[in-house]
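1. model this:
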Amino acid sequence: MTQVKLKVRPRKLGSINPCVIELTSMLQCWAVAHDLKNSGPCAESAQKLANCMRASSGSKKLPKSTINYHLARLGKHL
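-> This is a model prediction of the structure:
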C-alpha cells in the first residue's frame, strides 16, 4: 500500500492594516497629551483615523480559498 502525501499551502500571515499609521499617531497623541476625549491637540489625528477607517471599510475582500479544508478532508480517506 502506498501512502499519498498531500501538500497544504501554509496559512497566510495577517494582512497589514491600512490605518495603522493613523492609529499609532492617535495613540501617541493620547499618551503625550492625555487628551482621551479628542477635544484638544488629538482632534486632528482622531479625524484622520476616522477618515481612513471610513475609506477602507468599503473594500471588498476576496473569498477565502478552501483548498486546505478540502485537502484535510480528502487526506482522511486516502
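2. quick one: the helix or strand bottoming out on mean pLDDT in the chain to chain centroid distance?
-> Each helix and strand of the chain was given a mean pLDDT (mean pLDDT, DSSP states H and E); the minimum falls on helix 67-77 at a mean of 80. Relative to its chain's centre, helix 67-77 lies at 26 Å (CA atoms, centre = their mean, to the nearest Å).
3. can you list contacts of it?
-> 6-9, 11 (CB atoms under 8 Å, 6 or more residues apart in numbering). Yep, even glycine has a C-beta here, placed from its N, CA and C like the rest.
4. make it 10 Å
-> If you take CB atoms under 10 Å, 6 or more residues apart in numbering as the criterion, helix 67-77 is touched by 4-11, 66.
5. which residues in the chain form strands?
-> Assigned by DSSP state E, the strands in the chain number zero.
6. any regions of it where pLDDT drops low?
-> Residue ranges of the chain with pLDDT under 70: 1, 11-16, 57-62.
7. for Ser25, give me its contacts.
-> Contacts of Ser25 by CB under 10 Å, 6+ apart are 19, 42, 44-46, 48-49.
8. among those residues, name the buried ones.
-> Buried subset of the contacts of Ser25 (neighbour count, 16 or more other CB atoms under 10 Å): 19, 42, 45-46, 48-49.
9. now the two most distant members of the residues you listed.
-> When CB to CB is used, the two most widely separated members of the buried ones among the contacts of Ser25 are Cys19 and Cys42, lying 15.6 Å apart.
10. would you check that Gln47 makes contact with Asn38?
-> Yes. Look at Gln47 against Asn38 with CB atoms under 10 Å: they come within range, at 8.3 Å.
11. give the residues shared as contacts by those two.
-> Counting by CB under 10 Å, 6+ apart, the residues touching both Gln47 and Asn38 are Met26.
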